[in-house]
Structure formats: C-alpha cells, structure tokens
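Enquirer: could you work out the structure for the sequence below:
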Amino acid sequence: MSVIKLSTTFLLSLLLVVFFIGCTSTENMHTQTVPDAGYRAALARTVIEDSKLPAAGSPAESALLAGILDLFKNYTAENLAANVTKVYAEQVYFRDAFKQLDSAAAIEHYLLAGLEPIEAAEFVFSNVLRKNGDFYLDWTMRLDFKKTPAGTWEESIGMTRIRFNQAGQVVFHQDYWDPTDIVYRRIPIVKQLIAYVKQKL
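Expert: Numbering: from 1, shown residues only. Prediction:
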C-alpha cells in the first residue's frame, strides 16, 4: 500500500474518531428531538385551553394560522424582517435542527442569517392538523442554493408543532426535520461520514 493511500486512510480514520467522540459528548451539543428539561418546561408553560382559541375551522382560526403560514410561504429577507416579531411572541420556545432560541428577535436574526447561502427558499404546506391547543404543520421545504445552478431546487419534508397565546402569537415552535440529506451532505467530509454510517446500519 502506498504511503499516500496509507496517509489518506489514517486521516479519514482520525476524522471519524474525532467525529464520533464529538457526537458522544452531550455537553453543549444541540439536540432537536430529545425531550430535555427546556422542552418539558416550555410545554408546561405554553399550555392553553382549547376553548381560549378560535373554533376549529372558523375564519378566526384561519386568520390565526395565516401569520405563521404566510411567513414561511413567502420566505424572503423582506418578509422575515417585517413579520417575525409580529408572528412570534417576545418570549417563545423555538427549536429546530440547529438552534434553540427563546426570543422573537433571536429567531429573526437566525432566519435572516440562514438565507445567506440561499438564492431562494419556500415552504409548501400540505396539511394543518389541530389537536386541542396544538397545531401540526406538514410541509415541504424547497431550497435553491447559490452554489448550484439557478433553479436547482432541493426538497425536504418536515413537520412543526405550534402553540399560540391568546394574543394570537406563536409561543411554542418545535420542528421535526432531518437535515442530513439536504444540508449536511453538502459538506464533503460529513457527506462521507453519513454514507459510511448508513452503510453500517
């Protein structure tokens, strides 16, 4: 085996070890779906009686949902800057695949920063389900990255659990979405690691 091939194998092995050691440490590591203390506290804090929300299927319920749906359907910097702090309450629980945030201002900054590598983005909502005071939004995210030819849309499905306060603002936002295929695989070494792990499963 050549020295170059041996060095490449060693380097890849070393990167794998560092990656898996990093993944086994939970300190300061963001998780999307682990029901941690913050998640449980947010659930307890944002409970609202169904009777305090507009009746299911009513025009008032449609108006309630319009803010969050329109925010993501028209996913532009202008729309986000103008409406995030209107749609989300000042104090809010927000958790997606990358961040956990607790203020509307932080969400606005985060979403705007997320647009930097994107030429265009949109969310297509398929279903909105309601169970008591919880709303579940079934969506397809479509992204056109700047580093790909224009019009090269990549798609990923996901779901968001939403709770509103009596003022009609979002106070709880929990995403259920797998970023591995659409985001992480764009990073060469991570793409190789994901492929390796999938082969071993």
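Enquirer: find the nearest non-adjacent residue to residue 122, please.
Expert: residue 142 (5.0 Å; CB to CB, 6 or more residues apart in numbering). For glycine as for every other residue, the C-beta is placed from the backbone atoms N, C-alpha and C.
Enquirer: hey, what's that neighbour bridged with?
Expert: residue 122, residue 155 (DSSP bridges).
Enquirer: tell me how many other residues crowd it.
Expert: Burial of residue 142 is recorded as 16 neighbouring residues (other CB atoms under 10 Å).
Enquirer: so for it, what's the pLDDT?
Expert: pLDDT recorded at residue 142 is 94.
Enquirer: I'd say it and residue 157 touch.
Expert: No. Look at residue 142 against residue 157 with CB atoms under 8 Å: they stay out of range, at 10.5 Å.
Enquirer: quick one: pLDDT of residue 179?
Expert: So, for residue 179, pLDDT stands at 83.
Enquirer: in three-state terms, label the residue lying closest to it once chain neighbours are set aside for me.
Expert: Distances taken as CB to CB, 6+ apart put residue 97 closest to residue 179, at 4.4 Å, once the chain neighbours are dropped. Three-state assignment for residue 97 (DSSP: H, G, I helix; E, B strand; the rest coil): coil.
Enquirer: cool, and residue 57?
Expert: Assignment for residue 57 (three-state DSSP): coil.
Enquirer: next one: residue 139
Expert: strand.
Enquirer: quick one: it from residue 102, how far?
Expert: To residue 102, residue 139 is 23 Å away according to CB to CB, to the nearest Å.
Enquirer: ok, the two, which is more surrounded?
Expert: residue 139 (22 against 14).
Enquirer: low-confidence ranges in the protein?
Expert: 1-29, 183-201 (pLDDT under 70).
Enquirer: so what's the residue positioned nearest the centre of it closest to, chain neighbours aside?
Expert: When CA atoms, centre = their mean is applied to the chain, the residue found nearest the centroid is residue 96 (3.5 Å). Excluding the flanking residues, the one nearest residue 96 by CB to CB, 6+ apart is residue 175, at 4.0 Å.
Enquirer: okay, buried residues for the helix or strand hosting the one you found please.
Expert: For residue 175, the enclosing helix or strand under DSSP states H and E is strand 170-177. Burial within strand 170-177, assessed by neighbour count using 16 or more other CB atoms under 10 Å, is assigned to 170-175, 177.
Enquirer: partner strands of that strand, with direction?
Expert: By DSSP bridges, strand 170-177 pairs with strand 88-95 (parallel), strand 153-164 (antiparallel).
Enquirer: from residue 148, how far off is residue 118?
Expert: Distance from residue 118 to residue 148, by CB to CB: 10 Å.
Enquirer: sorry, wrong one. I was asking about residue 47.
Expert: For residue 47, the distance to residue 148 - CB to CB - is 43 Å.
Enquirer: residue 156 now?
Expert: 15 Å.
Enquirer: of these two, who's got more company?
Expert: Counted by other CB under 10 Å, residue 156 and residue 148 do not tie: residue 156 has more neighbours, with 16 against 13.
Enquirer: so the more buried one touches residue 124, yeah?
Expert: No. Counting by CB under 8 Å, residue 156 does not reach residue 124; the two are 11.2 Å apart.
Enquirer: sounds good, over and out.
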